[in-house]
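# Provide a 3D model corresponding to the input given below.
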Amino acid sequence: MLDADIELKPRKRLPEWLRLPLPTSNTFASTRNLLDDLKLHTVCESAKCPNHWECWSKGTATFMIAGDRCTRACRFCAVSTLKPMPLEIDEPERVAEATRRMGLKHVVITAVARDDLSDGAADHWKKTVDAVRSANPDTVIEVLTPDFNDHDDQLNQVLDARPDIFNHNLETVKRLTPQVRHRATYERSLRVLKKAKDRMGDSVFTKSGMMLGLGESETELFAAMEDLRKSNCDILTLGQYLQPTLQHLPVAEFVHPDKFAEYRRVAEGMGFVFVASGPMVRSSYHADDFSPLLEKAKAG
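Okay, here's the model as predicted:
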């Protein structure tokens, strides 16, 4: 059941700050051709990300492994909820080859939830990270994972591949979590982030993201940010939720860019080492902005 404040409504008109011109770079077509050639899925396209025109035009993309069919039906996400296809054994090598061809210095790998598999596709995750690192030893590897239903053995398999950044999104405040992603829980996501940091220590940066404009209050937002810090989360992204289709949750509010700037300052005051906060920010959008800080931390 939907929260009383969350019901299906026509999409609101976008404010001026969310109306962006489409890039005209020829790189967009070459990125699409490369992804088609290697038969790879991206969250950019499957999740209808509003930034995918810009990212592809700059020759970047966020790879989505384990297929394009998810076993969950989160109310904010445009990825299809269908019975998944079998895993493709050579996908790890194809992701590694795409990373090489695109010359990526920072690669983000995400996946659909595979609750149908006994290991949640954890072994496939590890093989993908291993393949990317083997072919691209200098590339920063960021994983954006599901919660693996809080199974330690599955989480540890991914961590054993030693990604540079472990990302798992909290998505929204505690009160709205049951309506936004009913198969996940607020507390479980916090536990997953804390376990990753506790196990890997300073060898990995932990990261999480939240969507704003779903009806959360500032008090609830700040409480969620504090909960993330208590879970030893290092990096935070805050962005505007946009309704991908009329079948998804409506936008309750378009948050002004000035508010995002204020929230960034609050988050930095809480101790996050890096904060990206703005209407168009997504978990993997300009993810490489953190790479110089990561390299500095490694060197130090």
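# so what pLDDT did Glu226 get?
Here the pLDDT value assigned to Glu226 is 98.
# likewise for His286?
On the pLDDT scale, His286 is placed at 63.
# can you give me the strands for the stretch 101-250 of the chain?
Listed in chain order, the strands found in the stretch 101-250 of the chain under DSSP state E, counting those that start in this stretch are 106-111, 140-144, 165-167, 205-212, 235-240.
# save the ones you listed as TSV, and put in mean neighbour count, mean pLDDT and distance to Met64 too.
From N, CA and C alone the C-beta is placed, and that goes for glycine too. Shown next, in TSV, are the strands of the stretch 101-250 of the chain (neighbours: other Cβ atoms under 10 Å; pLDDT from 0 to 100; distance: least, Cβ to Cβ, whole Å):
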stretch	mean neighbour count	mean pLDDT	distance to Met64
strand 106-111	24	92	5
strand 140-144	24	94	9
strand 165-167	25	96	13
strand 205-212	25	96	16
strand 235-240	25	95	18
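# for His281, what are its contacts?
Just so we're on the same page, residue 281 is Val rather than His. By Cβ atoms under 8 Å, 6 or more residues apart in numbering, Val281 lies in contact with 209, 237-240, 260.
# counting neighbours, what do you get for Lys12?
Residues near Lys12, counting by other Cβ atoms under 10 Å, number 14.
# if you could redo that for Thr71, that was the one I meant.
Neighbours of Thr71 under the rule other Cβ under 10 Å: 17.
# doesn't Arg114 make contact with it?
Yes. Under the criterion of Cβ atoms under 8 Å, Thr71 lies in contact with Arg114, with a separation of 6.2 Å.
# pull up the overlap in contacts between those two.
Both Thr71 and Arg114 are in contact with Pro84, where contact means Cβ under 8 Å, 6+ apart.
# hang on, the earlier thing: now the strands of the stretch 101-250 of the chain as TSV including distance to Val275?
Formatted as TSV, the entries for the strands of the stretch 101-250 of the chain read as follows, by distance: least, Cβ to Cβ, whole Å:
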stretch	distance to Val275
strand 106-111	17
strand 140-144	16
strand 165-167	14
strand 205-212	11
strand 235-240	5
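# just after the helix or strand of the chain with the lowest mean pLDDT, pick out the following helix or strand.
Of all the helices and strands that make up the chain, the one with the lowest confidence by mean pLDDT, DSSP states H and E is helix 52-57; it has a mean of 60. Taking DSSP states H and E as the definition, the helix or strand that follows helix 52-57 towards the C-terminus is strand 62-65.
# so what are the sheet partners of that following strand and their directions?
strand 41-42 (antiparallel), strand 106-111 (parallel) (DSSP bridges).
# got the contact list for that strand?
So strand 62-65 is in contact with 40-44, 46, 55, 79, 91-92, 95, 98-99, 107-112, 121, 124-125, 128, 144, 284, 287, going by Cβ under 8 Å, 6+ apart.
# direction included, what does the following helix or strand past it pair against?
Later in the chain than strand 62-65, the nearest helix or strand by DSSP H and E is strand 69-70. Looking at strand 69-70 with DSSP bridges, its paired strands and their directions are strand 80-81 (parallel).
# gap between Val173 and Asp90?
Separation of Val173 from Asp90 (Cβ to Cβ, to the nearest Å): 40 Å.
# next one: Glu216
With distances taken as Cβ to Cβ, Glu216 is found 42 Å from Asp90.
# go on, Asp258?
As it turns out, when the distance is counted by Cβ to Cβ, Asp258 lies 48 Å from Asp90.
# same check, this time on Asn232
Going from Asn232 to Asp90 by Cβ to Cβ gives 36 Å.
# again, but for Thr31
21 Å.
# coming back round to it: give me the more crowded residue out of Glu216 and Asp90.
Higher neighbour count among Glu216 and Asp90: Glu216, with 24 against 11, using other Cβ under 10 Å.
# can you count the residues close to the nearest residue to that one once chain neighbours are set aside?
Taking Cβ to Cβ, 6 or more residues apart in numbering, and ignoring the residues beside it in sequence, Glu216 has Val173 as its nearest neighbour in space, at 4.4 Å. Here the neighbour count serves as a burial measure; for Val173 (other Cβ under 10 Å) it reads 24.
# check which helix or strand Ser30 maps to.
Using DSSP H and E, Ser30 falls within helix 27-37.
# so what secondary structure elements neighbour that helix?
Packed against helix 27-37 by the contact rule (3 or more Cβ pairs under 8 Å, 6 or more residues apart in numbering; DSSP states H and E) you find helix 52-57, helix 91-102.
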